[in-house]
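Chemist: Here's my sequence, what's the structure:
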Amino acid sequence: MMIPTLTTERLTLGPFTMAHYEAFAAFASGERSTHLGGPSTDPRDAWDSCMIHLGHWAARGYGGFFATETATGAPAGRIAIWHPITLDEPELSWVIFDGYEGRGLAAEGAIAVRDWAARQGLPALASYIASDNDRSISLARKLGCVKEGQHTYPSGKTVDVWRHPMGAA
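Modeler: Prediction:
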């Protein structure tokens, strides 16, 4: 399974490492993980999430890019093309770990992954965002997304669908 490595001005986006798991587990136990179903202090939840994103590469040919701050080598987040069987289309999702938020890294990583997806021939991606997730809505707008409707998950939770512009930036 070949996972490409993408680079931006400040990030290296590529394969999973155990350091990414540890950073995600810390993130998942905090309040910022609410929109991902957290917080959860069960290490298996964080492990399962990392493995599901990693497994997308084998099943779909795309998946989670684990973000590392290039200058320090520290895990900074995950920018993923997420496409579970409960979605009709691939979604561009992002998680920035504690201590890295508010620095524009999510936008930088999302643009790189979105451009990569366009070069692979994927359709215009969507991002599924809870209506009270102000930070992600702000980022979606910054990325040029347009709100086009809603999606209801099998659990009954409804989120807004934000469509990314087609093609590489």
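
Chemist: contacts for stretch 154-163?
Modeler: For stretch 154-163, the external contacting residues (CB atoms under 8 Å, 6 or more residues apart in numbering) are 86, 124-131, 137, 140, 145-153. C-beta here means a position set from N, CA and C on the backbone, and glycine is covered the same way.

Chemist: Quickly note the distance from residue 138 to residue 104.
Modeler: Using CB to CB, to the nearest Å, one obtains 12 Å as the distance from residue 138 to residue 104.

Chemist: Also residue 151?
Modeler: Residue 151 sits 27 Å away from residue 104, going by CB to CB.

Chemist: of these two, who's got more company?
Modeler: The residue with more neighbours, out of residue 151 and residue 104, is residue 151; 17 against 13, by other CB atoms under 10 Å.

Chemist: show me the contacts for residue 153.
Modeler: Per CB under 8 Å, 6+ apart, neighbours of residue 153: 86, 159.

Chemist: Give me the sheet partners of whichever strand in the chain runs longest and which way each runs.
Modeler: As assigned by DSSP state E, the longest strand anywhere in the chain is strand 74-82. If you go by DSSP bridges, strand 74-82 pairs up with strand 64-69 (antiparallel), strand 91-96 (antiparallel).

Chemist: for the record, mean pLDDT for that strand?
Modeler: Strand 74-82 shows a mean pLDDT of 97.

Chemist: Other residues contacting that strand?
Modeler: 11, 13, 17, 19-20, 22-24, 53, 56, 60, 62-69, 90-97, 100, 105-106, 109-110, 112-113, 117, 122, 125.

Chemist: those strands in the protein, which residues are they?
Modeler: 6-7, 11-14, 64-69, 74-82, 91-96, 126-129, 146-152, 158-163.

Chemist: Same list, the ones you listed, but as a markdown table with distance to residue 39 please.
Modeler: Formatted as a markdown table, the strands of the chain follow (distance: least, CB to CB, whole Å):
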| stretch | distance to residue 39 |
| --- | --- |
| strand 6-7 | 29 |
| strand 11-14 | 25 |
| strand 64-69 | 20 |
| strand 74-82 | 17 |
| strand 91-96 | 13 |
| strand 126-129 | 19 |
| strand 146-152 | 23 |
| strand 158-163 | 19 |
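
Chemist: Distance to residue 75 added to the strands paired with strand 74-82, as CSV?
Modeler: CSV is the format used below for these (distance: least, CB to CB, whole Å):
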stretch, distance to residue 75
strand 64-69, 6
strand 91-96, 10
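
Chemist: could you dump these to TSV with mean pLDDT and mean neighbour count?
Modeler: Formatted as TSV, the strands paired with strand 74-82 follow (pLDDT from 0 to 100; neighbours: other CB atoms under 10 Å):
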stretch	mean pLDDT	mean neighbour count
strand 64-69	98	26
strand 91-96	96	23
